[in-house]
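>>> Got a sequence here, can you build the structure:
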Amino acid sequence: MTEFQLSIPGGDPWPPSPERMPHLLSINHIYAYVCDLKRHVNVGTIGHVDHGKTTLTAAITKVLAEEGKAKAIAFDEIDKAPEEKKRGIPIAMAHVEYETVKRQYAHVDCPGHADYVKNMITGAAQMDGGILVVSAPDGLMPQTKEHILLARKAGVPSLVCFLNKVDDIDDPELLELVEMELHAS
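Coordinates of the predicted model:
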């Protein structure tokens, strides 16, 4: 059996002498460092225009800002392009960042308008998971169904549904109908 003598920068032999060992990181130090890193997750809000995607994104940053885990970003700061303000609809994707105890999130707020579906596809292609925002009074709209299909085609592995504007519905049966429609899609 052949023995190898390795050296590290500076000409010191490997393995180092016991007195030099404290200056090097042990596997335990490396493991502790790696375990301390937070997993990075790309998420995005998708759904029909005016169902509340940007409002939900702003609310997430507000809640997490109260815990010191994000910068609170107001609704009108997310849709800040002059054309968006003029037309009253998001055109470009907006990016926000926040974190939880275990993860760092890069959040893409995708436009819901049919004219800007290309921008939604670009955002979905980068997502590890998506939040499908559906307005309870409106239910599933054609654009909602298209966004579900496009997210699947783009390879988004997981979608959760956020049923928005539930307080605008007085009839519990109507709400149940919307929920059933969501489960079916």
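>>> what's the straight distance from one end of stretch 152-171 to the other?
Start-to-end span of stretch 152-171 (CA to CA, to the nearest Å) is 32 Å.
>>> cool, and stretch 130-140?
Chord length of stretch 130-140, first to last residue, is 16 Å (CA to CA).
>>> buried residues in that stretch?
Judged by neighbour count using 16 or more other CB atoms under 10 Å, the buried positions of stretch 130-140 are 130-136, 139-140. (Glycine included, C-beta is placed from N, CA and C.)
>>> Would you reformat these as TSV and include pLDDT?
Output for those, formatted as TSV (pLDDT from 0 to 100):
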residue	pLDDT
G130	91
I131	91
L132	92
V133	93
V134	94
S135	94
A136	93
G139	91
L140	90
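>>> Quick one: the strands in the protein, in order.
With strands called from DSSP state E, the chain shows them at 6-7, 13-14, 39-46, 94-99, 103-109, 129-135, 159-164.
>>> Let me know which of those strands is tucked in deepest.
For the strands of the chain, the largest average neighbour count (mean count of other CB atoms under 10 Å) is found in strand 129-135, namely a mean of 23.
>>> on contacts alone, who are the packing partners of that one?
With contacts taken as 3 or more CB pairs under 8 Å, 6 or more residues apart in numbering; DSSP states H and E, strand 129-135 sits against strand 39-46, helix 53-66, helix 142-153, strand 159-164.
>>> Low-confidence bits of the protein, can you list those?
1-37, 79-92, 112-124 (pLDDT under 70).
>>> quick one: which of the strands of the chain is nearest H183?
H183 lies closest, by CB to CB, to one member of the strands of the chain: strand 159-164, at 9.0 Å.
>>> hang on, the earlier thing: of the strands of the chain, which is nearest T57?
T57 sits nearest to strand 103-109 of all those, at 4.5 Å, using CB to CB.
>>> which residues are contacting that closest one?
Outside of strand 103-109, the residues within contact range by CB atoms under 8 Å, 6 or more residues apart in numbering are 38-45, 53-54, 57, 60, 78, 90, 93-99, 123, 126-127.
>>> For the nearest residue to K145 once chain neighbours are set aside, the count of nearby residues, please.
Counting by CB to CB, 6 or more residues apart in numbering, K145 lies nearest to S185, which is 6.5 Å off, once chain neighbours are set aside. By the criterion of other CB atoms under 10 Å, S185 has 12 neighbours.
>>> Would you enumerate the residues in contact with S185?
Counting by CB under 8 Å, 6+ apart, S185 makes contact with 140, 145, 148.
>>> Can you convert those residues into CSV and add a column each for distance to I169?
What follows is the contacts of S185, written out as CSV (distance: CB to CB, whole Å):
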residue, distance to I169
L140, 14
K145, 20
I148, 22
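>>> Pick the one among those closest to A72.
Taking CB to CB as the measure, A72 lies nearest I148 of those, at 29.7 Å.
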